[in-house]
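Peer 1: Okay, predicted coordinates and the sequence, questions at the end:
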Amino acid sequence: MNILNEIAEAIGAQYVLTGKDAAPYGKDWTGAYISNPIAVLRPANTAEVAAILKIAHATKTPVVPASGRTGLTGATLAEGALILSVDRLNDITDINPTARTATVGAGVILSNLHDAAEAHDLIFPLTLGARGSAMIGGLLSTNAGGSNVVRYGSTRGLCLGLEVVMADGRIMNLMGALHKDNSGFDLRNLMIGAEGTLGIITAAVLKLRPKPQAYATAMVAVPSLPDALNLLHRLHDETGGGVEAFEYMPRSYINKHRELFKDSQPPFDAEYDVNIMIEVAATLARDAVPDADGSLPVVSNLENTLGQMLEDGTVLDAVIAQNEAQRRAIWKRREDAGEVAFFGGTFVNTDVALPLDRIADFERMLTPRIKAIDPGADEVIVAHLGDGNIHHTSYVSRNDPAIMDALVEAVEDVVQELGGSFSAEHGIGVSKLETMKRRKDPVALDAMRAIKHALDPHNILNPGKVIPPKT
């Protein structure tokens with residue numbers, strides 16, 4: 001315990017948690033990954049993070065960074081390790097409306113950044129169901145996606161600069177607010193998505209965007225996924241890229257949602273196989289200023305487009321939100337996806353990315369393979385259809401590890417055949433290590449191992465995550 005005494009001198013004994021005080025940090029949101037950390041450390045600033053890592057590096061003690069612990073892959077599993085929580089690095093140092101940037105600590109909660117940006121009529125456009133607890137450090141470390149990627153990109157595309165503490169305690173300052181910097185290796189993007197295995201992110205400079213002046217939000221039923229993509233492309237063209245969310249919720253998801261949330265209402269009077277949530281945002285006054293009859297042009301444009309498509313049969317049904325309460329109800333149905341997936345019984349959950357025109361093929365090819373492995377299995381899909389990210393859940397008929405492994409491999413097979421990726425936005429953690437071993441290009445894995453060894457020679461930063469051991 002000498003190491004804890006030394007750390008306590010650096011950050012204060014009250015911020016070194018052990019025993020019962022540390023136990024809550026050993027469990028993530030899913031409840032599937034539980035560990036017993038040596039201690040939980042809660043530094044207040046970058047200098048204290050650096051002091052911790054200098055001590056850990058000298059003693060070869062593993063350190064697992066943690067933010068809001070809302071991840072789904074076990075990336076904060078910390079058996080026999082120190083957990084370094086960034087929750088006290090929660091300052092929003094600067095909102096710069098002129099440059100449209102925010103300078104923030106890694107412990108800033110996403111919804112707090114949303115509120116700070118909104119005070120300046122700006123937005124930080126990353127949004128997801130866990131925004132009330134997810135923190136910037138974790139979002140960057142997993143390159144989180146969310147529902148607005150179709151317009152704004154993932155977290156990597158929203159970051160201009162980083163501050164990172166390296167394994168030996170040195171501080172790497174990449175905090176420029178530059179949109180162009182061609183000065184050698186792109187170390188900022190190397191750290192984003194590395195899940196704390198190469199360094200611990202302590203601060204960031206993030207891009208802000210103009211706050212939309214109005215929204216048009218709807219649930220739309222279409223005959224097929226190709227029809228949904230035609231709708232997406234048409235709306236992109238007619239709104240000048242104003243589509244912010246385009247989410248796929250098939251009949252199976254709607255039914256599962258209603259089963260779990262008893263008070264929820266169905267999106268339509270009838271049931272449909274292909275249900276799409278659409279949100280179009282207006283940033284121009286001409287689209288957001290009410291017409292003489294009180295209607296909003298952005299809403300009228302969506303109504304007209306959907307009306308034309310109803311007439312030609314490429315849309316089957318549509319409901320457009322008439323007020324903010326209806327808009328929030330539409331969004332809640334989609335943002336409940338985590339609960340729908342994780343609290344519906346024994347399951348296998350995957351997070352894949354595909355070319356947009358191959359998503360229908362994914363469904364068609366995968367279902368018979370799943371039934372061949374487990375005839376009693378049920379499937380539920382929810383997808384960020386606008387960027388090709390599918391969350392597929394198989395609810396197995398019995399808790400058999402062999403069946404569950406076979407189902408994961410079936411998904412991997414189909415994804416590989418269709419030119420996709422087995423990991424879209426949730427990261428690798430520990431849950432996808434076997435998939436990484438099977439599916440990641442072996443040369444790419446060797447390159448990752450070489451980078452890891454060069455930056456963290458003692459393998460103290462989040463060991464056992466992201467990169468499978470070489471066999």
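Peer 2: Sure, I can see it.
Peer 1: how near is the closest residue to residue 143 other than its chain neighbours to residue 187?
Peer 2: Once flanking residues are discounted, residue 143 sits nearest to residue 193: 3.7 Å by Cβ to Cβ, 6 or more residues apart in numbering. In short, each C-beta sits where N, CA and C put it, glycine included. Counting by Cβ to Cβ, to the nearest Å, the gap from residue 193 to residue 187 is 13 Å.
Peer 1: Looking at those two, which is more packed in?
Peer 2: Using other Cβ atoms under 10 Å as the criterion, residue 193 and residue 187 rank with residue 193 on top: 21 against 16.
Peer 1: so the more buried one sits in a strand?
Peer 2: No - per DSSP: H, G, I helix; E, B strand; the rest coil, residue 193 lies outside any strand segment and is coil.
Peer 1: what sits against the residue nearest to residue 143?
Peer 2: Residues near residue 193 by Cβ atoms under 8 Å, 6 or more residues apart in numbering: 141, 142, 143, 156, 427.
Peer 1: Most neighbours out of the residues you listed, which is it?
Peer 2: For the contacts of residue 193, the largest number of neighbours (other Cβ under 10 Å) sits with residue 141, at 30 neighbours.
Peer 1: Please report how far the closest residue to residue 139 other than its chain neighbours lies from residue 91.
Peer 2: Once flanking residues are discounted, residue 139 sits nearest to residue 155: 5.1 Å by Cβ to Cβ, 6+ apart. Residue 155 sits 19 Å away from residue 91, going by Cβ to Cβ.
Peer 1: likewise residue 279?
Peer 2: Residue 279 is 31 Å from residue 91, where distance means Cβ to Cβ.
Peer 1: which of these two has more neighbours?
Peer 2: Neighbour comparison, residue 279 and residue 91: the larger count goes to residue 279, with 25 against 14 (by other Cβ under 10 Å).
Peer 1: That one in helix, strand or coil?
Peer 2: Note that with three-state DSSP, the state of residue 279 is strand.
Peer 1: With adjacent residues omitted, what lies nearest to it?
Peer 2: residue 245 (4.1 Å).
Peer 1: With residue 26 instead?
Peer 2: Of all residues not flanking residue 26 in the chain, residue 35 sits nearest, at 4.8 Å (Cβ to Cβ, 6+ apart).
Peer 1: Now do the contacts for that neighbour.
Peer 2: For residue 35, the contact set (Cβ under 8 Å, 6+ apart) comprises 26, 77, 78, 79, 81.
Peer 1: try it again with 7 Å
Peer 2: Listed by Cβ atoms under 7 Å, 6 or more residues apart in numbering, the contact set of residue 35 reads 26, 77, 78, 79.
Peer 1: From residue 430, how far off is it?
Peer 2: Distance, residue 35 to residue 430, using Cβ to Cβ: 10 Å.
Peer 1: what's the overlap in contacts for the two?
Peer 2: With Cβ under 7 Å, 6+ apart as the test, residue 35 and residue 430 both reach residue 77.
Peer 1: and the spatially most central residue of the chain, what is it in contact with?
Peer 2: Centroid check for the chain by Cα atoms, centre = their mean gives residue 144 as the closest residue, at 3.3 Å. Applying Cβ under 7 Å, 6+ apart, one finds that residue 144 lies in contact with 126, 128, 154, 155, 425.
Peer 1: can you list these in JSON lines and add pLDDT?
Peer 2: JSON lines is the format used below for these (pLDDT from 0 to 100):
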{"residue": "126", "pLDDT": "95"}
{"residue": "128", "pLDDT": "89"}
{"residue": "154", "pLDDT": "95"}
{"residue": "155", "pLDDT": "96"}
{"residue": "425", "pLDDT": "92"}
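Peer 1: Domain-wise, how is this structure divided?
Peer 2: 2-85, 92-210, 214-332, 345-432 (automatic domain parsing).
Peer 1: What's the local residue count around residue 300?
Peer 2: Count around residue 300 with other Cβ under 10 Å applied: 15.
Peer 1: And the one 5 residues further on, by the same measure?
Peer 2: Other residues within reach of residue 305, judged by other Cβ under 10 Å, total 21.
Peer 1: circling back: measure how buried the residue nearest to residue 139 is and give me the count.
Peer 2: 24.
Peer 1: Does it touch residue 137 like I think?
Peer 2: No - in this structure, residue 155 is not within contact of residue 137 by Cβ atoms under 7 Å, at 10.8 Å.
Peer 1: Okay, now the unreliable bits of the stretch 201-350 of the chain?
Peer 2: 344 (pLDDT under 70).
Peer 1: And the pLDDT for residue 187?
Peer 2: pLDDT, residue 187: 98.
Peer 1: What separation do you get for residue 2 and residue 168?
Peer 2: Taking Cβ to Cβ as the measure, residue 2 falls 19 Å from residue 168.
Peer 1: Comparing those two, which shows the higher neighbour count?
Peer 2: residue 168 (16 against 8).
Peer 1: Can you name the residues that contact the nearest residue to that one once chain neighbours are set aside?
Peer 2: Take residue 168 and drop its neighbours on the chain: the residue closest to it by Cβ to Cβ, 6+ apart is residue 57, 4.6 Å away. Each residue near residue 57 by Cβ under 7 Å, 6+ apart is listed here: 167, 168, 169, 458, 460.
Peer 1: Can you list phi and psi of residue 57 for me?
Peer 2: phi -60, psi -40 (degrees, to the nearest 10).
Peer 1: try residue 79
Peer 2: Torsion angles, degrees, to the nearest 10, at residue 79: phi -70, psi 120.
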